[in-house]
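J.: What follows is a predicted structure for the sequence shown.
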Amino acid sequence: MSQSVPAPTPSSFNSGSTRGFARRAVLGTAVTASAIVATHGVPEASAQSVPVVIKALPIDRTNILAGSRFDFRVEVAGAQPDRVEITLNGQDADIFFRGTNAIRTNEVTGKSGEVTYRNVTIANAGPVSVQIIATVAGRAYVDTFTWTVLRMGAGQARNVILFISDGMGYPTITATRIVSRGITEGKYDGFLNMDRMEYRGTVTTSGYDALVTDSANSASAYATGHKSVVNAMGVYEDNTKDPTDDPQVENIIELAKRTRRMATGLVSTADITDATPAAFAAHTRRRSEQAFVASTYLEDRHRPDVLMGGGSRWFLPKAQQGASTDDRDLVAEFRAAGYAVAATRTELRATPGSATKLLGLFHTGNMSVWYDREETKNPNVLGKFTDQPSLPEMTGRAIDALSKNPNGFFLMVEAGLVDKQLHPMDWVRAVYDNIEFDNAIGVARRFQEKNPDTLIIVTADHSHAMSITGTYTPYEGKLGPDAVGTYAESVFPTFTRKRGDGFPDSPMTKTTLAVGWANHPEYYDDGTTVWAEPLGPSIEDPRVKGTYIGDPKRAPSGKGVLMPRTVPASGNSETHTADDVPVMASGPGSEFFNGLVDNTDLFWGIVASLGIDPLSPNGRSPMGKITGGRFGDPANPASRPHFAKP
């Protein structure tokens with residue numbers, strides 16, 4: 001999106017060869033190109049009489065899968081245009097999208113104009129130049145956007161299992177390895193399952209609206225190959241009030257089902273309608289619409305064969321303490337659609353081994369974290385939910401059900417509560433859940449050993465501000481920062497591991513990790529306390545509504561050190577960062593997940609590994625190589641042979 005430069009007249013644009021030149025010519029007289037870059041495409045006010053902004057959705061520099069379905073929308077803001085002309089590769093949009101009628105609206109009377117084409121496709125691979133001319137009061141404004149249409153080559157993977165540990169940055173992995181495997185004389189005593197992948201890359205995480213992402217638009221990038229905005233999934237943000245009418249883009253579950261009739265599944269320890277799992281099936285600008293997400297899971301085009309996690313309240317009517325859309329009993333509707341249903345670990349284990357469709361909802365909200373569920377089993381925390389399955393159990397059961405489909409399967413598995421423990425800066429609970437996550441990867445790895453046509457990908461959607469600054473050994477009179485050992489004083493942690501399940505015998509030990517946080521509200525920290533119950537870092541200041549101060553409950557016996565806030569006083573938790581996150585992959589197609597990649601490239605690695613081709617009758621690409629352009633790290637030698645030469 002950019003504030004568009006006025007062109008002399010609409011008649012100046014009469015051929016594809018002059019479109020770019022005309023815009024450059026105007027830039028040369030109105031404002032320098034360097035100023036355009038410096039101001040994000042907004043020229044000086046003196047350069048034009050009307051501040052007209054043109055937005056195209058999909059946005060500039062988007063990759064589009066040949067034959068995939070998407071909505072195309074143009075918005076003109078700042079004035080109501082008299083006319084909007086759209087060409088793609090020099091061809092009028094009505095002809096380019098033949099058979100699809102344009103919907104023309106004025107969402108803001110007198111101040112906007114929109115043109116929308118729903119459910120369109122592009123078959124020809126290669127660049128697409130989109131030019132938009134908006135005429136306002138006899139003056140024309142122009143902007144140009146470029147897309148790249150890619151057609152996949154033949155893929156070698158039959159199944160794809162995507163693991164996402166929500167919020168897992170590099171420090172989280174390091175802490176997990178130290179606590180789970182141990183380190184002696186500077187060498188690790190063992191490695192995690194995620195460490196043993198064939199390829200390792202780095203993923204950038206930003207959406208198209210902001211530097212720091214949330215889980216919705218980051219997962220949406222993985223699911224669709226398109227950027228989105230904070231809180232949105234499967235859509236581009238438009239200017240309407242309705243959060244469910246924004247321009248949609250087809251996601252991997254819809255593609256897998258439509259083109260290949262593959263089995264699909266979503267597993268999470270969070271609400272199964274929460275941002276990350278929802279992004280792989282739903283389309284909404286507002287991630288909080290969880291009741292809508294639950295109902296949309298029943299729609300044929302993106303109905304997963306397996307759904308397991310928390311969040312039963314979004315599937316149940318009020319009479320069953322639920323909050324479903326239109327007071328529906330979605331659990332009963334799933335059961336009527338042939339799903340085996342489970343609400344406890346015991347019930348999950350009792351589901352028929354022949355079942356190919358499973359709905360498991362094991363908590364009204366997020367499931368309990370491993371430390372509370374399996375270690376302390378604190379009744380004050382668990383309440384009535386004392387029989388919840390583990391993430392490895394859910395992963396194994398999902399694979400059992402999905403692998404019965406002869407066309408293969410796509411499964412997304414999320415450790416959703418790692419993020420939800422990092423926000424309150426409870427690194428112990430976060431690391432325990434990440435150990436559980438790694439054990440779930442082990443389940444998939446054992447399946448892969450018997451089914452080598454399975455691609456496994458491990459990543460995070462974003463990072464947190466956690467950092468391991470050394471180790472922490474409290475002495476009399478020393479706590480908080482004074483007890484942190486750095487450099488030569490950072491003696492190795494003293495966790496013991498006699499259980500053999502990847503978890504330490506106890507998180508409480510003489511020398512533990514010293515964990516710091518770069519962005520956080522005011523909070524108390526004594527460095528060693530593992531709270532008996534999950535506890536937030538701050539409470540609302542009774543003196544100033546809407547601001548937060550450290551919760552004294554996190555200063556047992558007055559021993560906590562007050563840490564001053566590094567975020568606005570209106571914030572009550574640690575926040576996401578713009579840091580890159582890791583990606584690890586093993587199996588056919590894993591070479592795509594190497595080097596420095598954009599978050600949208602994970603989608604492209606998945607469809608390339610599967611060889612998904614919506615243009616082919618059987619959904620399998622007949623092409624020898626990927627055509628139309630490139631994705632991923634251009635310096636990655638491992639993936640280079642998969643791309644046709646320009």
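T.: Arrived safely, thanks for sending.
J.: got the contact list for the residue positioned nearest the centre of the chain?
T.: Centroid-nearest residue in the chain, with CA atoms, centre = their mean: Ala219, separated by 1.5 Å. Ala219 is in contact with 164, 233, 275-280, 461, counting by CB atoms under 8 Å, 6 or more residues apart in numbering. Heads up, the C-betas are built off the backbone N, CA and C, glycines and all.
J.: In stretch 514-532, which residues are buried?
T.: Of all the residues in stretch 514-532, those buried under the rule 16 or more other CB atoms under 10 Å are 514-517, 519-530.
J.: Check which helix or strand the residue nearest to the centre of the chain maps to.
T.: Per DSSP states H and E: Ala219 is located in helix 215-224.
J.: Just give the closest residue to the residue nearest to the centre of the chain, not the sequence neighbours.
T.: Ala279 (3.6 Å; CB to CB, 6 or more residues apart in numbering).
J.: just checking, that neighbour touches His226?
T.: No. Using CB atoms under 8 Å, Ala279 makes no contact with His226, being 11.1 Å away.
J.: Name the residues contacting each of those two.
T.: Common neighbours of Ala279 and His226 (CB under 8 Å, 6+ apart) are Ser220.
J.: Who has more neighbours out of these two?
T.: Ala279 (32 against 28; other CB atoms under 10 Å).
J.: Would you report the backbone torsion angles of the more buried one?
T.: The phi and psi values for Ala279, taken as degrees, to the nearest 10, are phi -60, psi -20.
J.: Relative to Gly169, how far out is it?
T.: 19 Å (CB to CB, to the nearest Å).
J.: next one: Ile456
T.: 20 Å.
J.: Next: Thr376.
T.: For Thr376 relative to Gly169 (CB to CB), the value is 26 Å.
J.: how much space is there between His423 and Thr213?
T.: Separation of His423 from Thr213 (CB to CB): 15 Å.
J.: Point out where the chain drops to low pLDDT.
T.: 1-50, 476 (pLDDT under 70).
J.: Kindly list the longest helix within it.
T.: As assigned by DSSP state H, the longest helix anywhere in the chain is helix 427-450.
J.: just the helices in the stretch 401-550 of the chain please.
T.: Taking DSSP state H, counting those that start in this stretch to define them, one finds helices in the stretch 401-550 of the chain at 417-422, 427-450.
J.: looking at the ones you listed, which is closest to Arg260?
T.: helix 427-450 (19.5 Å; CB to CB).
J.: how about the closest one: buried residues?
T.: 427-445, 447-448.
J.: try stretch 135-144
T.: For stretch 135-144, by 16+ other CB under 10 Å, it's 135-136, 139-144.
J.: between Thr376 and Gly169, which one's more packed in?
T.: Taking other CB under 10 Å, Thr376 and Gly169 do not tie; Gly169 has more neighbours (25 against 14).
J.: hang on, that one packs against Thr459?
T.: No. If you go by CB under 8 Å, Gly169 and Thr459 don't touch, sitting 11.0 Å apart.
J.: what is in contact with those two at once?
T.: Val581.
J.: Helices of the stretch 201-350 of the chain, residue ranges please.
T.: Along the stretch 201-350 of the chain, counting by DSSP H, counting those that start in this stretch, helices occupy 215-224, 252-260, 275-278, 290-296, 330-336, 345-350.
J.: wait, the stretch 51-200 of the chain
T.: Going by DSSP H, counting those that start in this stretch, the stretch 51-200 of the chain shows helices at 93-96, 170-181.
J.: Of those helices, flag the one that's most buried.
T.: Among the helices of the stretch 51-200 of the chain, ranked by average contacts under mean count of other CB atoms under 10 Å, first place goes to helix 170-181 (a mean of 22).
J.: Does that one pack against any helices or strands, and if so which?
T.: Using 3 or more CB pairs under 8 Å, 6 or more residues apart in numbering; DSSP states H and E as the contact test, the elements touching helix 170-181 are strand 187-188, helix 427-450, strand 463-464, strand 466-472, strand 512-517, strand 581-586.
J.: Count the neighbours of Thr575 for me.
T.: 18.
J.: Surely it is in contact with Val567?
T.: Yes. Counting by CB under 8 Å, Thr575 touches Val567, with 6.3 Å between them.
J.: okay, and the common contacts of the two?
T.: Taking CB under 8 Å, 6+ apart as the contact rule, Thr575 and Val567 both touch 519-520.
J.: Which residues are in contact with the residue nearest to Ala219?
T.: Ala279 neighbours (CB under 8 Å, 6+ apart): 215-217, 219-220, 222-223, 233-234, 251.
J.: related to what we said a few turns ago, would a markdown table of the helices of the stretch 201-350 of the chain with distance to Thr269 be doable?
T.: Below are those laid out as a markdown table (distance: least, CB to CB, whole Å):
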| stretch | distance to Thr269 |
| --- | --- |
| helix 215-224 | 13 |
| helix 252-260 | 20 |
| helix 275-278 | 10 |
| helix 290-296 | 16 |
| helix 330-336 | 19 |
| helix 345-350 | 13 |
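J.: who wins for proximity to Pro243 among those?
T.: Closest among the helices of the stretch 201-350 of the chain, using CB to CB: helix 290-296, at 8.4 Å.
J.: who touches that closest one?
T.: So helix 290-296 is contacted by 244, 271, 273-274, 278, 281-284, 302, 311, 314-315, 323-326, 328, 330 (CB under 8 Å, 6+ apart).
J.: repeat that with 7 Å
T.: Helix 290-296 is contacted from outside by 244, 271, 273, 278, 281-282, 284, 311, 314-315, 323-325, 328, 330, using CB atoms under 7 Å, 6 or more residues apart in numbering.
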